[in-house]
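1. Pasting the sequence and the predicted model now:
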Amino acid sequence: MDFDKVCKKVMDLDHRIRFAGMINEKGRLFAGGMKGGVKSLEDTRDDEMMYMQLVLRAKMRREFDQVLGSVEFALSYRENIIMMSFPMKDYVLLLSAEKGIDISAIPLKVLKILRH
């Protein structure tokens, strides 16, 4: 799988998507990133902490997979931004978007991209 291409396809789904990146099991960004011309809301140190927390939350959610089924995506609707995470086997796709994005349609479109 070409992870940079996947991130590009996700970014192209909607102009309000600010970031699409692949995070490894150690909480490191290894593909994708911020859309050109868009400034991050947090600094680099905060990014690293957020990625590590994201991976930890994804691992913790797996404890309930046997009973509830696996997590397909998680959504966080924040005051300034919408964040979505899509756990994969060894990685997590993280997406951030501006308010106003269709939160009922975009996650399903992302899942379709990830399944192809």
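-> Alright, I've got the coordinates.
2. The residue sitting furthest away from the middle of the chain in helix, strand or coil?
-> The centre of the chain is farthest from one residue, Val67, which by Cα atoms, centre = their mean lies 24.1 Å away. At Val67, secondary structure determined by DSSP: H, G, I helix; E, B strand; the rest coil is helix.
3. For the lowest-mean-pLDDT helix or strand in the chain, list every residue counted as buried.
-> Lowest on mean pLDDT, DSSP states H and E among the helices and strands of the chain sits helix 44-61, with a mean of 86. Neighbour-count burial for helix 44-61 flags Asp47, Met50, Tyr51, Leu54, Val55, Ala58 (criterion: 16 or more other Cβ atoms under 10 Å). (Glycine included, C-beta is placed from N, CA and C.)
4. who touches that helix?
-> Identification of contacts with helix 44-61 by Cβ atoms under 8 Å, 6 or more residues apart in numbering yields 23-29, 40, 42, 71, 74, 85, 87, 92, 94.
5. So which residue is smack in the middle of the protein?
-> Nearest to the chain centroid, counting by Cα atoms, centre = their mean: Leu94, 1.4 Å.
6. Quick check: which helices or strands does the host helix or strand of Leu75 pack against?
-> Using DSSP states H and E, Leu75 maps to strand 74-77. Other helices and strands packing on strand 74-77, by 3 or more Cβ pairs under 8 Å, 6 or more residues apart in numbering; DSSP states H and E, are helix 44-61, strand 82-87.
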